[in-house]
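Novice: quick one, structure for this:
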Amino acid sequence: MSMLSYSTKLALFFGVSLAIIEVGYNWQNPSWWPYILVDYFAVSILIYGVLKSDRVLTAAWGFTCAMFYLSFFHAIEFGQIQAVVWGKTFMLGLTVIGCCLYIFPKQKGSH
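Specialist: A predicted model of the protein is given here:
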């Protein structure tokens, strides 16, 4: 299986998981609506990219990675509970892996 295939499967898994996590997390602790909206935008573009467009999937990985980068450092700065910080660390790590798996094979083939 190619690295692109792993990235595509990870994008589908990550997008669906993020949607489920968002519903569960915001059910008890509703966040401000723009924070919820940006997460569902990430879910939408990841899944659309998997189903329809390589270019969109590349952008989706970049957007989602940047979103979790900000979320991770926000959690550290405001002293969120350790479980939340570890969860965001894990999610940020997955987005970096997905982004790298998708971008690097394309660069290698373009030389």
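
Novice: I figured residue 60 hits residue 46, correct?
Specialist: Yes: using C-beta atoms under 8 Å, residue 60 makes contact with residue 46 at a distance of 4.5 Å. Where you see a C-beta, it was placed from the backbone N, CA and C, and this is true even at glycine.

Novice: need the residues touching each of the two.
Specialist: Applying C-beta atoms under 8 Å, 6 or more residues apart in numbering, one finds that residue 60 and residue 46 are jointly contacted by residue 11.

Novice: the biggest helix by length in the chain - contacts with which helices or strands?
Specialist: If each helix of the chain is counted by residues according to DSSP state H, the longest one is helix 82-109. In terms of contacts (3 or more C-beta pairs under 8 Å, 6 or more residues apart in numbering; DSSP states H and E), helix 82-109 is packed against helix 3-28, helix 54-77.

Novice: swap the cut-off to 10 Å and go again
Specialist: Contact analysis of helix 82-109 by 3 or more C-beta pairs under 10 Å, 6 or more residues apart in numbering; DSSP states H and E lists helix 3-28, helix 33-51, helix 54-77 as its packing neighbours.

Novice: if anything else comes up later, I'll come back, but that's it for now.
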